[in-house]
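1. Give me the fold of what follows.
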Amino acid sequence: MYEPLAERMRPKSLNDYIGQKHLVGEGAVIRRMIESGNISSFILWGPPGVGKTTLARIIAEQTKVPFYTLSAVTSGVKEVREVLDRCRVDANSIFTTGRPVLFIDEIHRFNKSQQDSLLGAVEQGTVTLIGATTENPSFEVIRPLLSRAQVYVLEPLGKDDLLELLDRAIKTDRIFQGREVRVEETEALMRFSGGDARKLLNILDLIYQSLDAHEPFVINDQIVTDRLQQNPLAFDKNGEMHYDIISAFIKSIRGSDPDAAVYWLARLIAGGEDPKFIARRMCISAAEDIGLANPNALLLANATFDIINKIGWPEGRIPLSECAIYLATSEKSNSAYLAIDGALALVNQTGNLPVPLHLRNAPTKLMKELGYGADYKYAHDFPGHFVKQDFLPQEIKGTQIWTPQPHTAAEARLKERQDHRWRE
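-> Down below sits the predicted model:
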């Protein structure tokens, strides 16, 4: 049976592990755990192909404790409880050298009741939990479990990491050993890999399997591009196109193309994507790409997220489609998105500027004597509920952070109102 290159190249120790130096480099937190043998519960959060499952396997190999694996895709509460029962037996056994480790891949796919079933064992110290997720744990993992498991973020592999992996695969893989290998160009290989080790190895595997028996193994931009165009599904064996499709979906909404938006939505649904993930991304798009041009978009996106939790599949596809079309056909503005990023940059640049005295609260006599709240003008006491006064720190007085985009009718009205107020 043919073993994929990604499996053949899976590291067995930290010395062979590529990337994530902030976690496994000399003196880093997970390396220290492994070297001491004292593993705490934690969740690995990062995109596909950056070493989450591999790191869990290395922990199992090097700590020599009982190690159990579940996939959240195929396991229910029954399977979780059965594994936890075995862990309790191991934990109380005189032959066990350490606390059992339970690795749960794609833990974000566990529902609340499944995650609740883990909580007692983790809390009592029966098991050390290691979870892996591609989704933000603060959205997908229940708060009690998060409070008992540290979250470590894994980053996409950099170019140097991928080149090191390429070099190692060529020099050490047992199947590649007997072939002439020429690396002429790597730009396309790096681009299509996108920081994902598994993608890079899948591409190499795809090129190799397309060769004739005595044909040299050549890697260049043209060959990589041609092979992927001929057989894109082979390249995407593990479903990494999930990220490309959600990107196409959001960009279609941003680009005001409802037909493309619904098409990519259908691809997500047909691929088994979690409807909450789709709805959450539409909430982000409504705020980032539509914003003040049509504030109702965010309300509809939020309502869609809510109703998805109430009706589920298959009916949930209908409100998702309605929302996607509404967002795609709405006027677009990213002024709110640009404003908060600009404000954060300004804060980082200027530091903790003092709040002007007239804007400070004065709950005590001493504060009033010091001038807190003095000269503050209460807007509702003035005609039109508005009066000119300064609200920014003196050092950045007059700085414009929000720039309305007058090409949209709603923001044009907001701009006109603000100009009228502050011009008089």
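2. Find the nearest non-adjacent residue to Gln114, please.
-> Val77 (5.4 Å; CB to CB, 6 or more residues apart in numbering). In this view, the C-beta of every residue, glycine as well, is placed from N, C-alpha and C.
3. show me what contacts the one you found?
-> 113-114, 117 (CB atoms under 8 Å, 6 or more residues apart in numbering).
4. Which of those are buried? Put it as a PyMOL command.
-> Under the burial definition 16 or more other CB atoms under 10 Å, those of the contacts of Val77 that qualify are selected in PyMOL by:
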select buried, resi 114+117
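5. quick one: average confidence on the helix or strand containing Leu189?
-> Element membership for Leu189 (DSSP states H and E) is helix 187-193. For helix 187-193, mean pLDDT rounds to 86.
6. how about that helix as CSV, C-alpha atoms only?
-> Extracted as CSV, the C-alpha positions of helix 187-193 are listed here (Å, rounded to 0.1, in the frame of the first residue of the first chain):
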residue,chain,number,x,y,z
GLU,A,187,8.5,30.3,-6.3
ALA,A,188,5.4,28.5,-7.5
LEU,A,189,6.0,25.7,-4.9
MET,A,190,6.2,28.2,-2.1
ARG,A,191,3.2,30.2,-3.4
PHE,A,192,0.9,27.1,-3.7
SER,A,193,2.1,25.7,-0.4
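7. How many neighbouring residues does Lys377 have?
-> Per other CB atoms under 10 Å, the neighbour tally for Lys377 reads 11.
8. got it, and Gly342?
-> Neighbours of Gly342 (other CB under 10 Å): 15.
9. returning to that earlier point: and the helix or strand following the helix holding Leu189, how far out from the chain's middle?
-> Counting by DSSP H and E, the next helix or strand C-terminal to helix 187-193 is helix 197-209. Relative to its parent chain, helix 197-209 has a centroid offset of 24 Å by CA atoms, centre = their mean, to the nearest Å.
10. Can you tell me what sits against helix 197-209?
-> Contacts of helix 197-209 (CB under 8 Å, 6+ apart): 4-6, 9, 18-19, 48-51, 157, 161-162, 165-166, 169, 175-176, 179, 189, 192-193, 217, 219, 223-224, 227-228, 231, 234-238, 240.
11. Now do the strands in this protein.
-> 42-45, 67-71, 101-105, 128-133, 150-153, 181-183, 217-219 (DSSP state E).
12. Same list, the ones you listed, but as JSON lines with distance to His420, mean neighbour count and mean pLDDT please.
-> Compiled in JSON lines, those are given as follows (distance: least, CB to CB, whole Å; neighbours: other CB atoms under 10 Å; pLDDT from 0 to 100):
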{"stretch": "strand 42-45", "distance to His420": "47", "mean neighbour count": "22", "mean pLDDT": "92"}
{"stretch": "strand 67-71", "distance to His420": "60", "mean neighbour count": "17", "mean pLDDT": "83"}
{"stretch": "strand 101-105", "distance to His420": "58", "mean neighbour count": "23", "mean pLDDT": "88"}
{"stretch": "strand 128-133", "distance to His420": "50", "mean neighbour count": "25", "mean pLDDT": "90"}
{"stretch": "strand 150-153", "distance to His420": "47", "mean neighbour count": "15", "mean pLDDT": "91"}
{"stretch": "strand 181-183", "distance to His420": "64", "mean neighbour count": "13", "mean pLDDT": "85"}
{"stretch": "strand 217-219", "distance to His420": "63", "mean neighbour count": "17", "mean pLDDT": "86"}
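13. Could you find the closest non-adjacent residue to Thr399?
-> Leu392 (6.2 Å).
14. Compare the strands of the chain and give me the one nearest Ala248.
-> strand 128-133 (22.6 Å; CB to CB).
15. and the closest one, which strands flank it?
-> Here strand 128-133 has these sheet partners by DSSP bridges: strand 42-45 (parallel), strand 101-105 (parallel).
16. the inter-axis angle of the longest one versus strand 67-71?
-> Pointing back at strand 101-105 there. 20 degrees (axes from the mean of the first three to the mean of the last three CA atoms, to 10 degrees).
17. residue ranges with poor pLDDT in the stretch 301-424 of the chain?
-> Within the stretch 301-424 of the chain, the segments meeting pLDDT under 70 span 367, 424.
18. quick one on the thing from earlier: could I get the strands paired with strand 128-133 as TSV with distance to Glu35?
-> Below are these laid out as TSV (distance: least, CB to CB, whole Å):
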stretch	distance to Glu35
strand 42-45	16
strand 101-105	16
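19. Distance of the residue lying farthest from the centre of the chain relative to Lys52?
-> Here the chain reaches farthest from its C-alpha mean at Glu369, the gap being 50.1 Å by CA atoms, centre = their mean. As for Glu369, its distance to Lys52 is 59 Å (criterion: CB to CB, to the nearest Å).
20. And Lys365, by the same measure?
-> With CB to CB as the criterion, Lys365 and Lys52 are 58 Å apart.
21. out of the two, which sits in the more crowded spot?
-> Ranked by neighbour count (other CB under 10 Å), Lys365 and Lys52 place Lys52 first, with 24 against 8.
22. Find the nearest non-adjacent residue to that one, please.
-> Ala132 (3.9 Å).
23. Also Leu23?
-> In space, Leu23 is closest to Ile30, 4.6 Å off (CB to CB, 6+ apart).
24. thinking again about what came up before, so who does the residue nearest to Lys52 touch?
-> So Ala132 contacts 43-44, 52-53, 56, 103-107 (CB under 8 Å, 6+ apart).
25. who does it bridge with?
-> Beta-bridge partners, per DSSP bridges, of Ala132: Leu44, Asp105.
26. Quick check: the gap between it and Leu162.
-> 21 Å.
27. Contacts only, for the residue nearest to Thr399.
-> By CB under 8 Å, 6+ apart, the neighbours of Leu392 are 356, 398-399.
28. And for Ala28?
-> With CB under 8 Å, 6+ apart, Ala28 has these contacts: 21-22.
29. And the pLDDT for it?
-> 91.
30. ditto for the one 3 residues further on
-> We have a pLDDT of 91 for Arg31.
31. pLDDT on stretch 51-60, on average?
-> Rounded mean pLDDT across stretch 51-60 is 88.
32. can you list contacts of that stretch?
-> Under CB under 8 Å, 6+ apart, the answer for stretch 51-60 is 10-14, 17-20, 23-24, 30, 33-34, 39, 44, 46, 67, 69, 101, 103, 105, 130, 132, 154, 197.
33. Which of the contacts of Leu392 sits closest to Ile340?
-> Nearest member of the contacts of Leu392 to Ile340, counting by CB to CB, is Thr399, at 14.3 Å.
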